[in-house]
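**Student:** okay, here's the prediction I keep looking at, along with the sequence it came from:
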Protein chains: 2
Amino acid sequence: MIKIIVDCFGGDHSPQANVDGALAALESTRDLHLILSGDESILRKLLEGRQYDNSRIEILNATQVIGCDERPTDVIRLKRDSSMIKAIRMLRDDDSVAAMVSTGSTGALVAAALTRIGRLRGVIRPAFCPVLPTMNGGIVGVCDSGANVEVTPEHLRQFAIMASLYMENVYGVSTPRVALLNVGKEAEKGDEIRQAAYKLLTETTELNFVGNMESRDLLSGSYDVVVCDGFSGNVLVKATEGAALELMKKLKKDIYSRWIYKMGAALMSRMFKEEKEFMNYQNYGGSVLLGTSKVVVKGHGSSKATAVQKCIEQAFKMQISDLNGKIEEIICKYDHYEF
Amino acid sequence: MIKIIVDCFGGDHSPQANVDGALAALESTRDLHLILSGDESILRKLLEGRQYDNSRIEILNATQVIGCDERPTDVIRLKRDSSMIKAIRMLRDDDSVAAMVSTGSTGALVAAALTRIGRLRGVIRPAFCPVLPTMNGGIVGVCDSGANVEVTPEHLRQFAIMASLYMENVYGVSTPRVALLNVGKEAEKGDEIRQAAYKLLTETTELNFVGNMESRDLLSGSYDVVVCDGFSGNVLVKATEGAALELMKKLKKDIYSRWIYKMGAALMSRMFKEEKEFMNYQNYGGSVLLGTSKVVVKGHGSSKATAVQKCIEQAFKMQISDLNGKIEEIICKYDHYEF
């Protein structure tokens, strides 16, 4: 039985979506036990009249709520009775609890996870690794996408090792093709950090390092893992999502501008629905924080029930595949030296 | 009469597209005089039988050709008789020549421009500023997009000043809204460089600084200038272009998968053609190098005649509006101190 805590407050559609997602995950996944954190009276009301296995769910009462613009340090200090901080504390203190899922403030979650839960043996910096759909029907993981705005070459190597194992163990990608985000494909491109990282990645025999990648090729399907600092990774992921969404919005607007386009679009309605579904991040789960000593998955702030369910299933897979054990094993082979 | 050199060799469609673009610009722009650099015998052949004002065009003979994977430093040293290096030399030595347009190697062009032409008074680092179409029909300039992978806050302020004046003088955008690329909107987001730059930009009264921008909002139409280091700027521009192109490719493929979609698409063919045209960077000219003492415009390597024409018109507008004089005037108001 794997125990996972679900922080039920903090996202745009919380707590309803979080509770619905939790119940769906309970239904889809055997050997899963859930702890819902948040205001007990509200959670009890949401569970009322629902069909679920009562023995596999419990509630961790927490009455405070975290606002989306609160400073992470304030949250840790002042919101000790919030659903997120209480969940983090339980994750730290209770050996039987394996993982946590939250749709709350990213900054607060990172700060709390790093200070309260700590890192895996050998890991210098935990990093976020969201997964995006590629245009040929595959997926690609981007690590780091925002936890570390400044990095060293050794950090980048660790991100590569963690993300590669993640794609392999959770998504079944065999010998993932790992690329380094850079401003050109040639080995000597980029700043000193990138050049040194290129060398380190080449030397790391456990990795299938395929060289530098330019951001325009992210969705091409030629890569399974892209390694980068958290600043450019954040720019990469959000620019890609933003461009796709803005373009779909423009198409929709243009379709409504003439009746003949509307007729054409009517014939293609199933296709457009599929494209929309294809680009819907809700189907790809959350952004995992790799490198913390217990599994932490961050769902998008606007997660609906399906997205929450996927996040829980992700956390479950990470735990059951012993991803963290495998990460430690490889990371510890390399003495890490800082530049 | 404004004299501009067009480097006719180096792009995918050169020299034909470059010559065609040059003749089109000569037709569209009065008071323009062009110098075509490259192998004279080839250029003469391409001009043969064409209609143009013979008195406004001349040829600078250069016989060497630069390969796309040659190292910039080698190009400067070994390819002195190439169309690009000869053009740069003429730009430096001949006071009557105002500007240069090239579709050749970016690295070589930057290296040659910086070492041979030099910077405007007060400018620490010249920077690239390509322009992208926004989804509401406007445009946005991204500066720097690749000339400087490492920057200081003062560099970022200078990029903001140069790009803002560029958008105002060349594209007629009044009091351009300038944003700083960052991982979140709040002032305290990002690394120390970003935080210090935010402060500097706020203090610069000549700028209409509107705060941080996340990469997903690049095409929203809410910004006229985005300021960033060359690494993340490169990631931003290429990720945005890449996502839009990959998505259009996917739509096209999906349309061909069923006859009913093909029928629908047939009704929308004019719309799709317009979308394609809208996203065609060839219509938005080249990426100007701001901050060099003479105007340098870099066209995309795959530029066709229209793109080359736009680049020449851009260079012409930069010169006629005295953009460089205006940049010097404001930059010199601020003592630049390095961090």
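**Tutor:** That came through fine.

**Student:** now do the helices in the stretch 51-200 of chain A.
**Tutor:** Here the stretch 51-200 of chain A has its helices, by DSSP state H, counting those that start in this stretch, at A:72-78, A:83-93, A:106-112, A:153-171, A:192-203.

**Student:** give the rounded mean pLDDT of the longest one.
**Tutor:** Okay, so that is helix A:153-171. Per-residue pLDDT over helix A:153-171 has a mean of 97.

**Student:** is chain B within reach of it?
**Tutor:** No: contact of helix A:153-171 with chain B is not found when judged by Cβ under 8 Å from any Cβ of the partner chain; the minimum separation is 13.5 Å. Where you see a C-beta, it was placed from the backbone N, CA and C, and this is true even at glycine.

**Student:** just checking, what packs against that helix?
**Tutor:** Here helix A:153-171 touches strand A:127-129, strand A:139-143, strand A:177-181, helix A:192-203, strand A:225-227, strand A:287-290, helix A:305-320, helix A:323-331, going by 3 or more Cβ pairs under 8 Å, 6 or more residues apart in numbering or on different chains; DSSP states H and E.

**Student:** and of those, who's closest to chain B?
**Tutor:** In terms of Cβ to the nearest Cβ, the element of these nearest to chain B is strand A:177-181, at 6.6 Å.

**Student:** just checking: what are the partner strands of that closest one?
**Tutor:** For strand A:177-181, sheet partners with direction are given as strand A:208-213 (parallel), strand A:225-227 (parallel), following DSSP bridges.

**Student:** now do the longest one against strand A:139-143, angle only.
**Tutor:** In this structure, strand A:208-213 runs at an angle of 80 degrees to strand A:139-143, with axes from the mean of the first three to the mean of the last three Cα atoms, to 10 degrees as the basis.

**Student:** quick one on the thing from earlier: would you list the strands paired with strand A:177-181 in JSON lines and tack on mean pLDDT?
**Tutor:** Formatted as JSON lines, the entries for those read as follows, by pLDDT from 0 to 100:
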{"stretch": "strand A:208-213", "mean pLDDT": "98"}
{"stretch": "strand A:225-227", "mean pLDDT": "98"}
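
**Student:** any idea which of those is most buried?
**Tutor:** Of the strands paired with strand A:177-181, the one with the most neighbours on average (mean count of other Cβ atoms under 10 Å in any protein chain shown) is strand A:225-227, at a mean of 30.

**Student:** ok, and what's touching that one?
**Tutor:** Contacting residues not belonging to strand A:225-227 are listed as A:140-144, A:156, A:159-160, A:163-164, A:167, A:176-181, A:197, A:201, A:213, A:218, A:233, A:236 [Cβ atoms under 8 Å, 6 or more residues apart in numbering or on different chains].

**Student:** for the residue most central in space within chain A, what are its contacts?
**Tutor:** Compute the mean C-alpha point of chain A, and by Cα atoms, centre = their mean the closest residue is residue A:287, 0.7 Å away. Residues in contact with residue A:287 (Cβ under 8 Å, 6+ apart) are A:128-130, A:145, A:297-298, A:300.

**Student:** before we move on, back to that, out of the helices of the stretch 51-200 of chain A, which is the most enclosed?
**Tutor:** A comparison of those by mean neighbour count, using mean count of other Cβ under 10 Å, puts helix A:153-171 on top with a mean of 25.
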